[in-house]
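Student: sequence and predicted structure, then a few things I'm wondering about:
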Amino acid sequence: MATKKRVTQKPQREPKREFVDESLEGAAFRDVTLAGASFEDVTLARATVTDADASGSVWENVKADGAKLRDASLKKVSIENTSLAGARIDDVDMSGVSIVNANLTGAKLTDVNLSHVAIADACIEGLTIDGVRIDTLLASLKKPSSPRGARRK
């Protein structure tokens, strides 16, 4: 009796998607894999992204004003020189995201994982987290206080 040789096929990797100098304004992405994709000089204004995996992708010079992102993974995404003004981001994993020179004015983030996210040199005027004004909180922490027991003249 001949022995059957078992052949296993390696899963084929999808090629990394690159979007360069494109207008995807108002586009709808649903149940797509954009992991590791590159978006450079792209307009995603008013685009809708639902049930998508864009983890590890790079967003550079992207205009995504008014975009809606829901039930998606943006884990370890690099966002640079990008505008997400007025965006609605709901139930999105943004852990480990790097954000440099981005505009989030008027954006609303709900049920978002922001663990291991660092924010530096950012305008946070009006930033509110769980009802706490972060700009006010940080300003109060930075105020120098007089040492206890110091005498007033």
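Tutor: Perfect, thanks for sending it.

Student: so how far does stretch 98-107 reach from one end to the other?
Tutor: In terms of C-alpha to C-alpha, to the nearest Å, the two terminal residues of stretch 98-107 are separated by 17 Å.

Student: tell me which residues of that stretch are tucked away?
Tutor: For stretch 98-107, the buried set under the neighbour-count rule, 16 or more other C-beta atoms under 10 Å, comprises Ile99, Ala102, Asn103, Leu104, Ala107. In short, each C-beta sits where N, CA and C put it, glycine included.

Student: now swap in stretch 22-31 and tell me
Tutor: Within stretch 22-31, the residues scored as buried using 16+ other C-beta under 10 Å are Leu24, Glu25, Phe29.

Student: show me where this structure has helices.
Tutor: Counting by DSSP state H, the chain has these helices, from start to end: 134-142.

Student: quote the end-to-end distance of stretch 28-42.
Tutor: Distance across stretch 28-42, first residue to last, is 14 Å (C-alpha to C-alpha).

Student: average model confidence for it?
Tutor: Per-residue pLDDT values across stretch 28-42 average out to 95.

Student: show me what counts as buried in it.
Tutor: So stretch 28-42, judged by 16+ other C-beta under 10 Å, has buried residues Phe29, Val32, Leu34, Ala35, Gly36, Ala37, Ser38, Phe39, Glu40, Val42.

Student: and the two most separated of the residues you listed?
Tutor: The most widely separated members of the buried residues of stretch 28-42, counting by C-beta to C-beta, are Val32 and Glu40 (18.4 Å).

Student: burial measure for Ile124, as a count.
Tutor: The burial metric for Ile124, expressed as a neighbour count using other C-beta atoms under 10 Å, is 14.

Student: need the contact list for it.
Tutor: The neighbourhood of Ile124, defined by C-beta atoms under 8 Å, 6 or more residues apart in numbering, consists of Ile134, Asp135, Leu138.

Student: again, only using 7 Å
Tutor: For Ile124, the set of contacting residues under the criterion of C-beta atoms under 7 Å, 6 or more residues apart in numbering consists of Ile134, Asp135.

Student: and the one 4 residues further on, by the same measure?
Tutor: With contact set as C-beta under 7 Å, 6+ apart, Thr128 has these partners: Ile134.

Student: is it true that Phe19 touches Val42?
Tutor: Yes. Checked against C-beta atoms under 7 Å, the pair Phe19 and Val42 is within contact range at 5.0 Å.
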